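>>> What shape does this take:
(one chain, ligands or ions: 4)
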Amino acid sequence: MKSYANIPQLHYRTCNLCEAMCGLEIEYQSREVRSIRGDAEDPFSRGHLCPKAYGLKDIFEDPDRLKSPQKRTASGWHDLPWEEALEEAAFALQNIQKKYGGNALGLYLGNPNAHNLGAMLMGPLFYRSLKTQNRFSATSVDQLPHHFVARYMFGHQLLFPIPDIDRTQYMLILGGNPLASNGSLMTVPDVGRRLRAIQERGGQVVVIDPRRTETAQKASVHHFIRPGTDALFLLALLHEITATHCVRPGRLADFTEGIEEIKSLVAPYAPERVAGICGIAPEAIRQIARDFCEAPAAVAYGRMGVSTQAFGALAQWLINVLNILTGNLDRPGGAMFTLPAVDVVGLTGLRGAVGSHGRWKSRVRGLPEFGGELPVSVLAEEILTPGEGQIRAMVTVAGNPVLSTPNGRQLDKAFAQLDFMLAIDIYRNETTRHAHLILPPTTGLENEHFDLVFNYLAVRNTVKYSPRLFEPEENTRADWQILRALAQKMKPAPAKKSKEPLERLSPEALLDLALRFGPYGSKGAPYYKTQAWGKEGLKMHTLRQHPHGLDLGPCSPCCPIAFSLKTIALTSSPKF
Ligand SMILES: Nc1nc2c(c(=O)[nH]1)N[C@H]1C(S)=C(S)[C@@H](COP(=O)(O)OP(=O)(O)OC[C@H]3O[C@@H](n4cnc5c(=O)[nH]c(N)nc54)[C@H](O)[C@@H]3O)O[C@H]1N2
Ligand SMILES: Nc1nc2c(c(=O)[nH]1)N[C@H]1C(S)=C(S)[C@@H](COP(=O)(O)OP(=O)(O)OC[C@H]3O[C@@H](n4cnc5c(=O)[nH]c(N)nc54)[C@H](O)[C@@H]3O)O[C@H]1N2
Ligand code: SF4
Ligand SMILES: [Mo]
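Numbering: from 1, shown residues only. Ligands and ions are numbered 1, 2, ... in the order given. Got it, this is the predicted structure:
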């Protein structure tokens, strides 16, 4: 057979390092990456990339990246064979739970999980097997208010309205800096060009941020705001809109409850009253209200700076209310719902996982659970405070909470006193250094990639599957293999041949099923009432034939949701 090892070749994939889903063109020779460029033929990112993409090469080659299980002993870190490490991990976790009860075990899931197909699909098997209420993730130092509001307004914690940036004429950005972050809860490759395009077609980009950020510098208008006062600013905006009779929800009124109540709710918040507190002049608030209402299509969007503040949920709710009252929810150029090829909302909605709330409370401070997890701000005290239910062992998966969560120093101290800690991570760092065992998965270029989460958050419906570029080194394992093996070992009885598809099928096989039953698949079309893609509908084979990805079109109005899987999620709480 002819060998291509010495000829440079091209590989196309989606970057998994942030939410933007940029298409990459990677030139490689043998096992060496020679260049990484933007894939001009990717229908979504159209050649855009940022300097971080090159990190994929760095991570692949990094001599510090862990490749085999590590055990911490008095004499330092030692390699361990996989089977022994997996057995030891499951044994230690079971022992702690036997001795102290299920909740003695804490679980923290970090951000890269959301970008990892295998971990998204197989992780839940392991997490459920842990049977602990002490579950935490980066969600509670990030987008939790969005989930909370989505669950109560739209019926499912993942039903986020996404700014239709390519068709809007007025974009109000609160507490987000997409030019630096590349966008969040708004998957939008090349956001700079798309924001510029709003201005070039005569529209406006208005930024509300206490800092003169990169985005603020490029905006049509930037207003400084006193941190934590966005809710008041939004109440004043809504006050102005209701006072000037600009409430025009249009067809949204047919299925939106509470519009009349909003008027009395916002009545006390005249711009003059809030201006001194939030630091934005009454005239500026009035101007924004007027421009927002007069724009042919407008959208308000709030991100990290709005989520991680005392009134985060209220502010995110008010942002949706603003979009609804002005008729900008579910309309082109406003805030729209996506229809990705794998309908995670529909599938999880069927299982009833729409976003639970308050089923249990944290032991020490009594904070409520949401979506099966507690706020990570209570993690350290749950480890440090003695008593029944105290956390004695931790599992972290792709997370570095000592750096990323509040009062990391306290958590550093807390992790040091655990009886046992398991980390599934590719590095030794501030968090994983406390682990007794580290199980390192393959990552990046050695993994296949499909965005289950970020297609939900995208400003356009597209779909793409990326095969792995490099075969994993011998004796390494993917996250999903580690997670599935752990789940099986956590079972009390020797595992019988499982009927659970998750335990039998590979991530690709599961993905194929989800595509076929999805909105563009041949089996899904009757449920979704959308056009099947192509003659046979979308499936893995189709995606393999289109390495640059496929465009599925802009978002379409869909409320009240017309396709039945989503309806199941939505009817559980259809009140806006
Ligand atoms: N001060 C401050 N704190 C913040 C923020 C901030 O802006 N400022 N931002 C907040 C936000 S938005 C977030 S999302 C959180 C993030 O919080 P975390 O998710 O806890 O932090 P990361 O640094 O993203 O942790 C990533 C971990 O995953 C590992 N990793 C990387 N790739 C893989 C992989 O393929 N598999 C596995 N198993 N592990 C992998 C890395 O080695 C690292 O340990 O931080 C929050 N905290
Ligand atoms: N290079 C790089 N890019 C990243 C990441 C990374 O670690 N590195 N992390 C990714 C992740 S996980 C996320 S979630 C996104 C976050 O993406 P963004 O939310 O777009 O970015 P942030 O920088 O967190 O922007 C928060 C903004 O809120 C402002 N702010 C702070 N307090 C307030 C307030 O009270 N009110 C208002 N209105 N504004 C306020 C801050 O000044 C800041 O400009 O970034 C992603 N992109
Ligand atoms: S913007 Fe995000 S997805 Fe795009 S290349 Fe940079 S890190 Fe990767
Ligand atoms: Mo984040």
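
>>> For ligand 2, what's the nearest residue on the stretch 301-450 of the chain?
In the stretch 301-450 of the chain, the residue that lies nearest ligand 2 is G305 (2.2 Å; CB to the nearest ligand atom). To be clear about C-beta, it is placed using only N, CA and C from the backbone, and glycine gets the same treatment.

>>> The residue of the chain found nearest ligand 1 and A398, how far apart?
Using CB to the nearest ligand atom, the closest approach of the chain to ligand 1 is made by G110 at 2.8 Å. Here G110 is placed at a distance of 4 Å from A398 (CB to CB, to the nearest Å).

>>> now swap in N177 and tell me
N177 is 24 Å from A398, by CB to CB.

>>> if we can go back for a sec, tell me if I am right that the residue of the stretch 301-450 of the chain closest to ligand 2 is in a strand.
No. Judged by DSSP: H, G, I helix; E, B strand; the rest coil, G305 forms no part of a strand; its state is helix.

>>> Nearest residue to it in space, ignoring adjacent ones along the chain?
Closest residue to G305 apart from its sequence neighbours, by CB to CB, 6 or more residues apart in numbering: G175 at 2.3 Å.

>>> and if you look at G176?
Closest to G176 by CB to CB, 6+ apart is R303, at 3.2 Å.

>>> Which positions within the host helix or strand of V345 qualify as buried?
Assigned by DSSP states H and E, V345 belongs to helix 344-350. By neighbour count with 16 or more other CB atoms under 10 Å, helix 344-350 contains the buried residues 344-349.

>>> What is the nearest of these to ligand 3?
Of all the buried residues of helix 344-350, V344 has the smallest distance to ligand 3: 19.4 Å, by CB to the nearest ligand atom.

>>> got the domain boundaries for this protein?
Using automatic domain parsing, the domain parsing of the chain gives 70-142+357-439, 160-336+560-572.

>>> end to end, how far does the first one reach?
Between the start and the finish of domain 70-142+357-439 there is a gap of 7 Å, counting by CA to CA, to the nearest Å.

>>> and it, anywhere near ligand 3?
No. Counting by CB under 6 Å from any ligand atom, ligand 3 is not contacted by domain 70-142+357-439; separation bottoms out at 9.1 Å.

>>> mean confidence for that domain?
Across domain 70-142+357-439, the average pLDDT comes to 97.

>>> Wait, the residue of the stretch 301-450 of the chain closest to ligand 2 touches D209, no?
Yes. Counting by CB atoms under 8 Å, D209 is a contact partner of G305 at 6.4 Å.

>>> what is in contact with those two at once?
174-176 (CB atoms under 8 Å, 6 or more residues apart in numbering).

>>> So N323 sits against P161, correct?
Yes. At 6.6 Å, N323 counts as touching P161 under the criterion of CB under 8 Å.

>>> what touches both of these two?
Jointly contacting N323 and P161 under the rule CB under 8 Å, 6+ apart are 329, 334-335.

>>> rewinding a little: now the residue of the chain closest to ligand 1, what are its backbone angles?
When quoted as degrees, to the nearest 10, the phi and psi of G110 stand at phi -100, psi 180.

>>> count of residues packed around it?
Applying other CB atoms under 10 Å, we find 20 residues neighbouring G110.

>>> what's the closest non-adjacent residue to it?
In this structure, G110 finds its nearest non-sequential neighbour in G399, 2.3 Å apart by CB to CB, 6+ apart.

>>> Those residues of this structure touching ligand 3, which are they?
The chain comes close to ligand 3 at residues 15, 17-18, 20-22, 49-50, 52-53, 182, 189, as judged by CB under 6 Å from any ligand atom.

>>> Show the contacting residues for V205.
Residues in contact with V205 (CB under 8 Å, 6+ apart) are 171, 173, 195, 198-199, 215, 218-221.

>>> repeat that with 7 Å
When contacts are counted by CB atoms under 7 Å, 6 or more residues apart in numbering, V205 is found next to 171, 173, 195, 198-199, 219-220.
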